[in-house]
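# prediction below, plus the sequence it came from.
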Amino acid sequence: MSKITCLVDNAARRSTAFWAEHGLSFCVERGGARLLWDTGQSGEVLRHNLALAGLGPEHFDALALSHAHYDHTGGLAFILRERPGLPLYAHRDLLTPRFSLRDGEYRSIGMGMSPEEVSAQADLRLSAAPQEIFPGLWTSGEIVERSEPEGRSAHHFIRRGDRWLPDPYRDDMSLVLETTEGVVLLCGCCHAGLLNTLAHVRQHFGKPIQAVLGGTHLASAGETYLAHVVSVLQKHYGGMHYYLNHCTGENAFAALWKAFGAERVHAFPAGDEVSFGD
């Protein structure tokens, strides 16, 4: 069995001591090995919730990052301080600084660590191609084809020389977990777009998608686009289960729950876990 535990989310499981913050982190256990998928917004919350799960940085064999934003990389310094040399899987654009334009000012929203610090403290394994982390657990690789809308913000930028450019989100990737019934997709923020990511995984891995977990960046989606998302999911991804959190948004969760029912659509707050057959 492969087990996925939500360590950090905007919400925490009721009647538990888990803390919530705007961010995401999962523990993925597969074949006796453990992967940390994203690190939340802060080392403080990640440390607290890891302890409640009976875990610490020393229990992880590898780390993977969905993209460079602070709410997914904020606990990175804590992890690498306690576990230097940890293999870190991500897209090759991970170390590109990220910014948000607010009130006429460009503010950093990327990793709190410099590229030099990350390179010195982690065993970097950066690639735009899918990488197998453990047997049956892969990075998705770069989501190149993006015919459907992305999970985009008009405020997000990168810098190229003296020019400010809209963030292309090329570093946005997901994880693909092979199971007995197909594959499970673990999303970080889905800036590449949920439908684009699903199409990429179906094409490149050639197996039915059993479930989607994590943030789907539908929080700002309007009713018309949500109806389109539901229509595509019904047509092409029948029977898929959903364990949603972070940037999915209440309206999107409600639309999916209404379309697919409580047996297939679940919230996935910090402290929850789900298992899949290998």
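That came through, no problem. Numbers count the residues shown, from 1 in each chain.

# what's around Asp162, how many residues?
Number of residues near Asp162 (other Cβ atoms under 10 Å) recorded here: 5. Placement of C-beta: from N, CA and C, glycine included.

# how much space separates it from Ala62?
Applying Cβ to Cβ, to the nearest Å, one obtains 38 Å for the distance of Asp162 from Ala62.

# how about Glu117?
Taken as Cβ to Cβ, the span from Glu117 to Ala62 is 19 Å.

# more neighbours, those two?
For Glu117 versus Ala62, the count of surrounding residues by other Cβ under 10 Å is larger for Ala62: 19 against 14.

# tell me the contacts of Pro84?
Gln121, Ala122 (Cβ atoms under 8 Å, 6 or more residues apart in numbering).

# try 6 Å this time
Listed by Cβ atoms under 6 Å, 6 or more residues apart in numbering, the contact set of Pro84 reads Gln121.

# what of Pro149?
Under the criterion of Cβ under 6 Å, 6+ apart, the contact list for Pro149 reads Gly193.

# gap between it and Ile4?
Taking Cβ to Cβ as the measure, Pro149 falls 27 Å from Ile4.

# and for Trp19?
Note on Trp19: its distance to Ile4, by Cβ to Cβ, is 19 Å.

# residue with max distance from the center of the protein?
Relative to the centre of the chain, the most outlying C-alpha is that of Asp162, 30.6 Å out, by Cα atoms, centre = their mean.

# I'd like to know how many residues surround Leu244.
The number of residues packed around Leu244, counting by other Cβ under 10 Å, is 23.

# ok, now the one 5 residues further on?
When neighbours are defined as other Cβ under 10 Å, Gly249 has 18 of them.

# same thing with Lys258?
So Lys258, with other Cβ under 10 Å, has 10 neighbours.

# summarise which helices and strands whatever helix or strand it lives in is packed against.
Using DSSP states H and E, Lys258 sits within helix 250-260. Contacts defined by 3 or more Cβ pairs under 6 Å, 6 or more residues apart in numbering; DSSP states H and E place helix 250-260 against helix 223-236.

# the helix it packs on: which residues count as buried?
Within helix 223-236, the residues that count as buried by 16 or more other Cβ atoms under 10 Å are Tyr225, Leu226, Val229, Val230, Leu233.

# now the first one. Nearest residue, chain neighbours left out?
Okay, so that is Tyr225. Distances taken as Cβ to Cβ, 6 or more residues apart in numbering place Pro149 nearest to Tyr225, at 6.6 Å, with adjacent residues excluded.

# who's in contact with the residue most central in space within the chain?
Centrality entry for the chain: nearest residue to the mean C-alpha point is Gly188, 1.3 Å, by Cα atoms, centre = their mean. Contact analysis of Gly188 by Cβ under 6 Å, 6+ apart lists Asp38, Ser66, His67, His72.
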